[in-house]
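Asks: Give me a 3D structure for the following:
(chains A and B)
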Amino acid sequence: MIILDAKYIALAQMAVGGGLMGMAYALVAYGFQLTYAAGKAVNFGQGELVMLGAFAGISLAGTGLPYWVSVLGAMVAGAVLGWFVERVAVRLALKQHNEGWILLTIIVGLFALSSVENIWGRDDRPFPAPWPAGALDFFGISVTWPELAIAMGAMGIMTLVELAKRYTMAGIAVQAVSADPEAAELCGVRSRSAISLSWAVSGAAAAFAGTVIGPVTTVGPTMAAALTLKAFSVAVVAGLDSGFGLVIAGIALGAVENLSGYVLGSGWREAPGLILLILALALRPQGVFGKKIIRKV
Amino acid sequence: MLNVENLRAGYSGDDAVRGISLEVAEGSCVALVGANGAGKSTLAKALCGLLIPRGGRVFFDGKEITGLPASEVARRGLCLCPEGRRVFGPLTVEENLFLGAYPRLPSFGPFRRAASGDLKRIYRMFPRLGERRLQQAGSLSGGEQQMLAIGRVLMARPRFMVLDEPSMGLAPVVVKEVFEAIRSLHASGMTILLSEQFAKIALALSDRAYIIERGSVVLEGASKGLAKNPAVMAAYLG
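Replies: Predicted coordinates:
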């Protein structure tokens, strides 16, 4: 067995912890992908949905409901809110063929933020989760149960949605709408419903992300903005159309941001996300993993 | 079965369809003949709900369908096979066909069995689609895509098919094959509105025809008669 220098172990520990957290970014970014594919718009208040999901989970768990039921309840709330954002903010702007939805989704997010501050207060709260204390040890690197829950949960949700997209008619219809909304309408697919469905699923995924991030980071109103930015960076780097590039981009961002926090000081934690976003937009606007869309005539 | 009264439609600026009236009886095949840009595709889109008409009315089975969304029109059995085929390129041939039957399949339950009979029928009609059923539709040749587009409409069990430029961009030998399929559909009793710029082939296939020029009907009548009309043949030799 290789004996590593303690310093490298610490770095590896940082990278792994960050990478696992990065899976949550990937999951939120996946929500961007879902709505972008179906309706060519994303929710710039997605971070607020994550936060709302976390708070909803805390409150439900506070009433004595079992953890899993609270998570499910949070997801239902997220689905309803995601659907609602599309209905009140996005549909209106897209109907008039303008980009007003960007501002409108931010505004709905701000509403959500102040509602949360009014209902739950501004303090960070712990998220109760039934995971065992302690950590698992992989070659000297420890992984806590809540961290593992982020990774497994994110992969689980993404896999489930991808399977549903391929193996249910509703999923195939959503894919058809993203490929050609008019042709989908001609098949009898109500494209507005397909878009609503993708927003609901995206909202549920964001709320779920909140319930798995919560036990690691604690939950507070400040988590929202940073999450939107990070997830958006991941989505842009991976490309808004590429399925599993997201996971790689998410893990990379999580790891790099943890490492830069460790090496350069905690003030630099948020820098990599921004730098990554700027670089990706400058160098490969179609995404590192995205394919150029080639039209066959 | 289909009655169109004084329909006007367009995208921006002037109307591309300037008050067209037409009638298609059940079981018949009616052709819309005209040059590129005469307004045939705009008319087809306005009939099927992809474009909201600016004026006039459309009746299907005696019920007004003017301005209904395309998904609603399709659900009533009036199905458009659009210009340019518009198959779902990233999806497989089979998924494209399932989508044709979308309104009658369960959204979240098992759907394969519910559509398997129709699927077999399409594969019998177009064996090449069966051979390529798991390929991405975008990788098919133009002719195969046209067959897929027709197959997708047939999966809906339509009562009325609107075929918009089915010959577009296809090699002559493939055009022949596609029109053979349309002829046998007509022979089996399907009501068809066929928009086509190749006058000869459209008039040979159809019972009646409308000649369209700059958004208006300039001539109409039995296809046989129009095919013998030297003015028509001179203008739309194809």
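Asks: contacts and neighbour counts: CA atoms only from here.
Replies: OK.
Asks: got the buried residues for the helix or strand containing B:K176?
Replies: According to DSSP states H and E, B:K176 maps onto helix B:172-187. Residues of helix B:172-187 classed as buried by neighbour count (16 or more other Cα atoms under 10 Å in any protein chain shown): B:174-175, B:178-179, B:181-183, B:185-186.
Asks: which parts of chain A sit against chain B?
Replies: A:168-170, A:172-173, A:175-176, A:179-180, A:182-190, A:296 (Cα under 8 Å from any Cα of the partner chain).
Asks: which residues of chain B fall in helices?
Replies: Applying DSSP state H to chain B gives helices spanning B:40-48, B:70-75, B:93-100, B:112-125, B:127-131, B:142-155, B:172-187, B:199-205, B:223-228, B:230-235.
Asks: does any bit of the second one sit next to chain A?
Replies: Read it as helix B:70-75. Yes - on the criterion Cα under 8 Å from any Cα, helix B:70-75 is in touch with chain A at B:70-75.
Asks: Tell me which residue lies nearest the centroid of chain B.
Replies: Computing the C-alpha centroid of chain B and ranking residues by Cα atoms, centre = their mean puts B:L163 first, at 1.5 Å.
Asks: What residues does it make contact with?
Replies: B:80-83, B:192-195 (Cα atoms under 8 Å, 6 or more residues apart in numbering or on different chains).
Asks: Identify those among those residues that sit within strands.
Replies: Counted as lying in strands by DSSP state E, out of these, are B:80-81, B:192-195.
Asks: Let me have those residues in JSON lines, adding pLDDT, distance to chain A and neighbour count as columns.
Replies: JSON lines is the format used below for the ones in strands among the contacts of B:L163 (pLDDT from 0 to 100; distance: Cα to the nearest Cα, whole Å; neighbours: other Cα atoms under 10 Å in any protein chain shown):
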{"residue": "B:L80", "pLDDT": "96", "distance to chain A": "7", "neighbour count": "28"}
{"residue": "B:C81", "pLDDT": "96", "distance to chain A": "8", "neighbour count": "28"}
{"residue": "B:I192", "pLDDT": "97", "distance to chain A": "16", "neighbour count": "26"}
{"residue": "B:L193", "pLDDT": "97", "distance to chain A": "16", "neighbour count": "24"}
{"residue": "B:L194", "pLDDT": "96", "distance to chain A": "17", "neighbour count": "26"}
{"residue": "B:S195", "pLDDT": "95", "distance to chain A": "17", "neighbour count": "26"}
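Asks: circling back to that earlier point, adding distance to chain A and pLDDT, write the buried residues of helix B:172-187 out as a markdown table.
Replies: Putting these into a markdown table (distance: Cα to the nearest Cα, whole Å; pLDDT from 0 to 100) gives the following:
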| residue | distance to chain A | pLDDT |
| --- | --- | --- |
| B:V174 | 17 | 92 |
| B:V175 | 17 | 93 |
| B:V178 | 19 | 93 |
| B:F179 | 21 | 94 |
| B:A181 | 20 | 93 |
| B:I182 | 19 | 95 |
| B:R183 | 23 | 95 |
| B:L185 | 19 | 94 |
| B:H186 | 21 | 95 |
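Asks: could you dump those residues to a markdown table with distance to B:R57?
Replies: Shown next, in a markdown table, are these (distance: Cα to Cα, whole Å):
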| residue | distance to B:R57 |
| --- | --- |
| B:V174 | 36 |
| B:V175 | 33 |
| B:V178 | 31 |
| B:F179 | 30 |
| B:A181 | 31 |
| B:I182 | 28 |
| B:R183 | 29 |
| B:L185 | 28 |
| B:H186 | 26 |
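Asks: which parts of chain B sit against chain A?
Replies: Counting by Cα under 8 Å from any Cα, chain B sits next to chain A at B:48, B:50, B:69-75, B:79-80, B:82, B:86-91, B:95, B:98-103, B:105-111, B:138, B:152-153, B:156.
Asks: Would you mind writing the ChimeraX command to select the buried ones in the residues you listed?
Replies: Entered in ChimeraX, the line below selects the buried ones among the residues of chain B next to chain A, by 16+ other Cα under 10 Å:
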select /B:48,50,69,70,71,72,73,74,75,79,80,82,86,87,88,89,90,91,95,98,99,100,101,102,103,105,111,138,152,153,156
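Asks: what number of residues lie near B:N229?
Replies: Using other Cα atoms under 10 Å in any protein chain shown, B:N229 has 11 neighbouring residues.
Asks: where in the chain is pLDDT low?
Replies: By default, I'm working from chain A. A:1-4, A:242-243, A:285-297 (pLDDT under 70).
Asks: let's do chain B instead
Replies: Checking chain B against pLDDT under 70 turns up B:236-238.
Asks: Any idea which residue of chain B lies closest to chain A?
Replies: Using Cα to the nearest Cα, B:S71 is the residue of chain B that sits closest to chain A, at 3.9 Å.
Asks: ok, now which ones touch B:V87?
Replies: For B:V87, counting by Cα under 8 Å, 6+ apart, the contacting residues are A:183, B:96, B:137-138, B:145, B:148-149.
Asks: So it versus B:K63, what's the distance?
Replies: Separation of B:V87 from B:K63 (Cα to Cα, to the nearest Å) stands at 29 Å.
Asks: which ones are touching the residue of chain B closest to chain A?
Replies: Contacts of B:S71 by Cα under 8 Å, 6+ apart are A:184-190, B:49.
Asks: Run through who's touching whichever strand or helix holds A:I275.
Replies: Element membership for A:I275 (DSSP H and E) is helix A:271-283. With Cα under 8 Å, 6+ apart as the test, helix A:271-283 has contacts from A:229-230, A:233-234, A:236-237, A:253, A:256-257, A:260, A:287-288.
Asks: again, only this time at 7 Å
Replies: Contacts of helix A:271-283 with the rest of the structure, by Cα atoms under 7 Å, 6 or more residues apart in numbering or on different chains, involve A:230, A:233, A:236-237, A:253, A:256-257, A:287.
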